[in-house]
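J.: build me a structure from this.
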Amino acid sequence: MTWVRTDDGGARGDRQAGTVLVGSPLGSLQQAFRLASEPTLTSLQGRFQATIAGPSWVRLPALLVVHVTGMPGWWGKEFAVDERGDALMGHNVVMAGDALYASLPMRAVLGCSRTDGRPALVLTYGSDAGWPWRRVTDEVRSLNDGTLIGLSFGLPLPPGGSPFLLRPDSTGRAPTRRRPSTPTTPGGAS
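T.: Numbering: from 1, shown residues only. Below is the predicted model:
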């Protein structure tokens, strides 16, 4: 397989999504995941900008699902090693205006991929996450240029996983913020 830089605008006008074409056929991206290097916990430490990958029939519904299920403006993921050092705790990152906010917490551990049984970083969402996230599992591996390739399972999308790319954040943006609390009942009571 030939690795090429993308010239596709991706989900957010992203011109450097990695060494895999963002608009590549689904089977090619799933194969790129199978050929990717085994990751380490530290390969997912930090903040990563995301791009949903695949042909438009995969990307467009995936963007819609992400938007309507609680993460409009999905920008990426962010992780730090937990206190025991055997997992990563993290969250998705969404953009609102010019600011980045934490959204939808998750946990990452080294595990076996459902695609081929080889090691992958397996990302899971809490049982209290909304639909469909509580049943979604993301698997991530490393490409040769620092880009990570992932497959999402459990979304109402293609069998074999919906592909996405993660690149280390190089935007220089301010640290991710927590969203301010909003009252859950009229009159300001929480």
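J.: which residues does A108 contact?
T.: Contacts for A108 (C-beta atoms under 8 Å, 6 or more residues apart in numbering) come out as 41, 44, 79, 87-88, 90, 121-124, 140. C-beta here means a position set from N, CA and C on the backbone, and glycine is covered the same way.
J.: quick one: least confident helix or strand in the protein?
T.: Lowest mean confidence among the helices and strands of the chain (mean pLDDT, DSSP states H and E): helix 56-68, at a mean of 89.
J.: would you mind listing the buried residues in that helix?
T.: 58-59, 61-62, 65-66 (16 or more other C-beta atoms under 10 Å).
J.: can you check stretch 103-111 too?
T.: 103-104, 106, 108, 110.
J.: what does stretch 165-173 give?
T.: So for stretch 165-173, counting by 16+ other C-beta under 10 Å, buried means 165-167, 169.
J.: any chance of TSV for these, columns secondary structure, pLDDT and distance to A129?
T.: Formatted as TSV, the buried residues of stretch 165-173 follow (DSSP: H, G, I helix; E, B strand; the rest coil; pLDDT from 0 to 100; distance: C-beta to C-beta, whole Å):
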residue	secondary structure	pLDDT	distance to A129
L165	strand	95	23
L166	strand	94	19
R167	strand	93	25
D169	coil	92	23
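J.: make JSON lines from those residues and add distance to P175 to it.
T.: As requested, these are exported to JSON lines (distance: C-beta to C-beta, whole Å):
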{"residue": "L165", "distance to P175": "23"}
{"residue": "L166", "distance to P175": "18"}
{"residue": "R167", "distance to P175": "18"}
{"residue": "D169", "distance to P175": "10"}
